[in-house]
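>>> Provided below for reference: sequence and predicted model.
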Amino acid sequence: MENQHQKIKGYRELSQHEIDLMNDIKTQGVALESLIEKINIHLLGQAEDAHNGNSQLQHHLWNTEPNRWSGIAKTQLQQGLMALTRAVAQPTTF
């Protein structure tokens, strides 16, 4: 399975430095995913409090849309990590 990328059109051999950078990107992705999960757990707790009768919190959450923003953050962070991956790997295909 070594050198599989050479059989895939648009991919090239990466230097050790580039491989290290790719692994750094993947490590940051794991850390960001963990942070998003922590934030979503916090938001779930807030939603439970709002559902259990905290009408002020319910109104606040409705107006500020934290779940929407968390979803946007997740998507854009994934896009950013993919952009960094492509910046390092420099594939020649669309």
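Yep, that arrived.

>>> backbone phi and psi for the spatially most central residue of the chain, please?
By C-alpha atoms, centre = their mean, the mean C-alpha position of the chain lies nearest to Gln78, the distance being 3.6 Å. The phi/psi pair for Gln78 (degrees, to the nearest 10) reads phi -60, psi -40.

>>> list the contacts for it?
Gly29 (C-beta atoms under 8 Å, 6 or more residues apart in numbering). To be clear about C-beta, it is placed using only N, CA and C from the backbone, and glycine gets the same treatment.

>>> And the pLDDT for it?
At Gln78, the pLDDT value in this model is 99.

>>> Select the longest helix from the protein.
Using DSSP state H, we find that the single longest helix of the chain is helix 16-51.

>>> and that one, how far from the chain's centre?
Mean-position distance between helix 16-51 and its chain equals 6 Å (C-alpha atoms, centre = their mean, to the nearest Å).

>>> Give the other helices and strands that the very next helix or strand once past that helix contacts.
Note on helix 16-51: by DSSP states H and E, the next helix or strand toward the C-terminus is helix 55-64. Packing contacts for helix 55-64, counted by 3 or more C-beta pairs under 8 Å, 6 or more residues apart in numbering; DSSP states H and E, involve helix 16-51.

>>> list the helices and strands the helix it packs on packs on?
Packing partners of helix 16-51 (3+ C-beta pairs under 8 Å, 6+ apart): helix 55-64, helix 66-89.

>>> Buried residues of it, list them for me.
By neighbour count with 16 or more other C-beta atoms under 10 Å, helix 16-51 contains the buried residues Leu21, Ile25, Gly29, Leu32, Ile36, Ile39, Gln46, Ala50.

>>> now do stretch 54-61
Buried residues in stretch 54-61, counted by 16+ other C-beta under 10 Å: Leu57, Gln58, Leu61.

>>> can you check stretch 60-75 too?
Leu61, Ser70, Lys74.

>>> quick one: which of the helices and strands packed on helix 16-51 is nearest Ile8?
Distance to Ile8, taken as C-beta to C-beta, is lowest for helix 66-89 among the helices and strands packed on helix 16-51, at 11.1 Å.

>>> From the chain's centroid, how far away is the closest one?
Computed by C-alpha atoms, centre = their mean, the chain-centroid distance of helix 66-89 equals 5 Å.
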